[in-house]
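>>> Here is my input, please return the structure:
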Amino acid sequence: MTDVSTPDVSTPDVSSPDVGAALGTDFVGIAAEFGDEERDYLQRTRAFVDDEVLPEINGFWERAEFPVELVRRMGELGLVSDGIDYPGVPSMTAASAGLVAMELSRGDGSLATFAGVQAGLTMRSIDYFGSEEQKQRWLPALARCEALGAFALTEPDHGSDSLLLETSAVRDGDTYVLDGAKRWIGNGSIADVVVVWARGEDGRVGGYLVEKGTPGYEATVITGKGSVRAVWQADIALRDVRIPAENRLPGARSFKDTGKVLAGTRSQCAFSALGHAVAAYDAALTYASQRTQFGKRLVEFQLVQARLVHMLQEVVGMQLFCMRLAQLHQKGELNDTVASLAKLNNTSKARQICLEARDLLGGNGILLDNHVMRHLADVEAIHTYEGTETIQTLLVGRDITGVGAFA
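The predicted structure follows:
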């Protein structure tokens, strides 16, 4: 009779405890261009990842459990800002914000996704389009992670074509009534404030703040994910959700405003993809330096060296792309299609680097203790959210040809 009992947990652990640690990979010396602020954010985030995230995150990921204490620590350490300039929000240059996103992703894609939703989407929507009262109430609390935020745009039938969203907002005296459905909403089940994008009676898309506990708002966590498992996305039903008129974001008047928020997050996606790629490369190099087969360490084989060099080649290109993004952003010269090209390039490269690292680790590559498999799974989410590879390609294609080929 076949034994299907629990495996013997006394089996020797063949993983390396150091495989996930940062090597500080910077082959062409990009860090020499950093100022004191950038170095501080890089070191602070890297220490948080190595000391607090990596020892714990595999358990959260495997259990699909939201790591609330790690999230609170991100707020305490001043890592949640994404470059938003407002009193009570940590000051960051564009490069600092990118480096934070990169290092968080090197630790875990779920935490980086949370930060992207919290700062890049929720806080940025309020910063760009909110009233002064809305900013004062929410931005500092969100930056400290004392309050959690969500950004509700995608709908069950409208993802890439979110321009066609059907959620409605109808004015009724001194309130707005929201009806509709949203899907894949990060933090949607736990948020204290949700930026809901809905179509008004005039057909224009606007943003509306729905606070926790509002009647008619129902969020259900999406289960069964194989990627970014330690952050929760939700299906949201909005049934006769009534909010005060002052909860409308006064500066959001069309879908172009929604697009402005999304464009700002694409460059952060490029940095996040770089973080996944660096994590995978560092793990592969560390493992290959330690693992012995046929009487030699793996790094002594020509084929292994060739694969590692190819991975490094792609990582360096991604790093240079990201730093140019930060330079353009800081000067106010970053346009949407450059950000799209960066996201397209870096997520595609990161997928291949993670896959190569998984293969270099052999059978040990599928163990969570070696971290690579988690990055391989998590990079699939970033490859899709904030605009798929196809959408980014068409955006850049329209820019260089002057022809829209979306339909």
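
>>> Need the mean per-residue confidence for stretch 366-375.
In this model, stretch 366-375 has a mean pLDDT of 94.

>>> Which residue is the nearest non-sequential neighbour of residue 225?
Sequence neighbours aside, residue 64 is the residue nearest to residue 225 in space, at 7.0 Å (criterion: C-beta to C-beta, 6 or more residues apart in numbering). Backbone N, C-alpha and C define where each C-beta goes, glycine included.

>>> Check the contact between the one you found and residue 230; I expect there is one.
Yes - contact criterion C-beta atoms under 8 Å: residue 64 and residue 230 qualify, at 6.9 Å.

>>> who's more crowded, those two?
residue 230 (27 against 16; other C-beta atoms under 10 Å).

>>> Residue 51 and residue 313: what is the separation?
Residue 51 sits 30 Å away from residue 313, going by C-beta to C-beta, to the nearest Å.

>>> I misspoke; the intended subject was residue 197.
40 Å.

>>> Could you do residue 18 as well?
24 Å.

>>> Point to the residue nearest the middle of this structure.
Per C-alpha atoms, centre = their mean, the C-alpha nearest to the average position across the chain is that of residue 113, at 3.0 Å.

>>> Would you state the helices of this protein in chain order?
Applying DSSP state H to the chain gives helices spanning 36-48, 57-63, 68-76, 94-107, 109-115, 124-129, 132-143, 255-290, 302-330, 336-360, 372-384, 389-401.

>>> Turn those helices into TSV, including distance to residue 28.
Below are the helices of the chain laid out as TSV (distance: least, C-beta to C-beta, whole Å):
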stretch	distance to residue 28
helix 36-48	16
helix 57-63	29
helix 68-76	29
helix 94-107	16
helix 109-115	24
helix 124-129	31
helix 132-143	33
helix 255-290	14
helix 302-330	6
helix 336-360	16
helix 372-384	23
helix 389-401	25
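
>>> List phi and psi for residue 385.
The phi/psi pair for residue 385 (degrees, to the nearest 10) reads phi -70, psi 160.

>>> Out of the helices of the chain, the one nearest residue 246 is which?
helix 132-143 (7.4 Å; C-beta to C-beta).

>>> Quick check: the nearest residue to residue 397 once chain neighbours are set aside vs residue 391, distance?
Nearest-residue entry for residue 397: residue 405, 6.1 Å, with adjacent residues in sequence omitted and distances by C-beta to C-beta, 6+ apart. Using C-beta to C-beta, residue 405 is found at 11 Å from residue 391.

>>> just residue 357 next, same as before
Residue 357 is 27 Å from residue 391, by C-beta to C-beta.

>>> Who has more neighbours out of the two?
residue 357 (30 against 18).

>>> who's in contact with that one?
280, 281, 283, 284, 311, 365, 372, 375, 376 (C-beta atoms under 8 Å, 6 or more residues apart in numbering).

>>> Residue 109 now?
227, 228, 272, 276, 374, 375, 378, 379, 381, 382.

>>> out of those, who's nearest residue 76?
residue 272 (21.5 Å).

>>> Show the contacting residues for the closest one.
101, 102, 104, 105, 109, 112, 116, 382.

>>> switch the cut-off to 7 Å
Counting by C-beta atoms under 7 Å, 6 or more residues apart in numbering, residue 272 touches 101, 102, 105, 112, 382.

>>> Redo those as JSON lines? Include neighbour count, distance to residue 23 and pLDDT.
Shown next, in JSON lines, are the contacts of residue 272 (neighbours: other C-beta atoms under 10 Å; distance: C-beta to C-beta, whole Å; pLDDT from 0 to 100):
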{"residue": "101", "neighbour count": "29", "distance to residue 23": "19", "pLDDT": "95"}
{"residue": "102", "neighbour count": "27", "distance to residue 23": "14", "pLDDT": "96"}
{"residue": "105", "neighbour count": "32", "distance to residue 23": "16", "pLDDT": "97"}
{"residue": "112", "neighbour count": "29", "distance to residue 23": "19", "pLDDT": "95"}
{"residue": "382", "neighbour count": "27", "distance to residue 23": "22", "pLDDT": "87"}
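
>>> Quick one: those as TSV, columns for distance to residue 187 too.
Below are the contacts of residue 272 laid out as TSV (distance: C-beta to C-beta, whole Å):
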residue	distance to residue 187
101	17
102	21
105	17
112	13
382	16
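
>>> now for the residues you listed, which pair is the farthest apart?
Greatest spacing in the contacts of residue 272, by C-beta to C-beta: 102 and 382 (11.9 Å).
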